[in-house]
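Participant: Sequence below, structure please.
(chains A and B)
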Amino acid sequence: DTGVSQNPRHKITKRGQNVTFRCDPISEHNRLYWYRQTLGQGPEFLTYFQNEAQLEKSRLLSDRFSAERPKGSFSTLEIQRTEQGDSAMYLCASSLAGAQETQYFGPGTRLLVL
Amino acid sequence: AQSVTQLGSHVSVSEGALVLLRCNYSSSVPPYLFWYVQYPNQGLQLLLKYTSAATLVKGINGFEAEFKKSETSFHLTKPSAHMSDAAEYFCAVRRGSQGNLIFGKGTKLSVKP
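Facilitator: Next up is the predicted model:
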């Protein structure tokens, strides 16, 4: 069990550029979550998948944000036309669905938009 | 709607002193409650979770939390602080059947030698 991994760990981009982050969950986990964390705040839920199905996406911050999990394994989060307000830590978590569900988090991708 | 309030954005204790981090929740259904710890520039690590099996929950690194329904609280404690406990701590409630967590704003714990 190697845990949840995220790549890249850091990303610096210019305003207006597109960025994509990758998350690899714990191998047997069927749920995958994306959260955003800004300075001094707790993580804020964005979206989640069960297997390849995206079950909740209304919390994505705008239509510039999209996420995929094409084969029910890794997931990508894309931000188009980045803005300075998108600067944050993007966290991924995975879990096994059920009443005892516990989410395990990756190390995060820190995005800085200049 | 479910929510979590963490009282005190910053708590400072001396090494060896009691650690008490406060968390109050609001939930219309029996909640699932969690405490996570975050070290600088890292992700969140699970400390402990309450899933209705027992009101006193023991976690890793000597931490424990007590679920008090009458007070809607889930405070985190540790009898004796260690320098390595310095980090930010987040309380979270699981939002119904959907599974996503709702987090408090966090409490930064400092430990003085």
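Participant: residue contacts, whichever residue of chain B sits closest to chain A?
Facilitator: Proximity to chain A, evaluated over chain B using Cβ to the nearest Cβ, is greatest for residue B:103 at 3.1 Å. Heads up, the C-betas are built off the backbone N, CA and C, glycines and all. By Cβ atoms under 8 Å, 6 or more residues apart in numbering or on different chains, the residues touching residue B:103 are A:42-44, B:4, B:90-92.
Participant: Need the max-distance pair from these.
Facilitator: A:44 and B:91 (14.7 Å; Cβ to Cβ).
Participant: Need the residue closest to the centroid of the chain.
Facilitator: Went with chain A since none was named. Nearest to the geometric centre of chain A sits residue A:34, at 3.3 Å (Cα atoms, centre = their mean).
Participant: wrong chain, I was asking about chain B
Facilitator: Residue closest to chain B centre, computed by Cα atoms, centre = their mean, is residue B:35 at 3.6 Å.
Participant: need the contact list for residue A:29.
Facilitator: Contacts of residue A:29 (Cβ under 8 Å, 6+ apart): A:94-96, A:104.
Participant: For residue A:114, see how far away the nearest residue to residue B:58 once chain neighbours are set aside is.
Facilitator: Spatial nearest neighbour of residue B:58, chain neighbours left out: residue B:64 (4.8 Å); criterion: Cβ to Cβ, 6 or more residues apart in numbering or on different chains. Plainly put, residue B:64 is 44 Å away from residue A:114 if you go by Cβ to Cβ, to the nearest Å.
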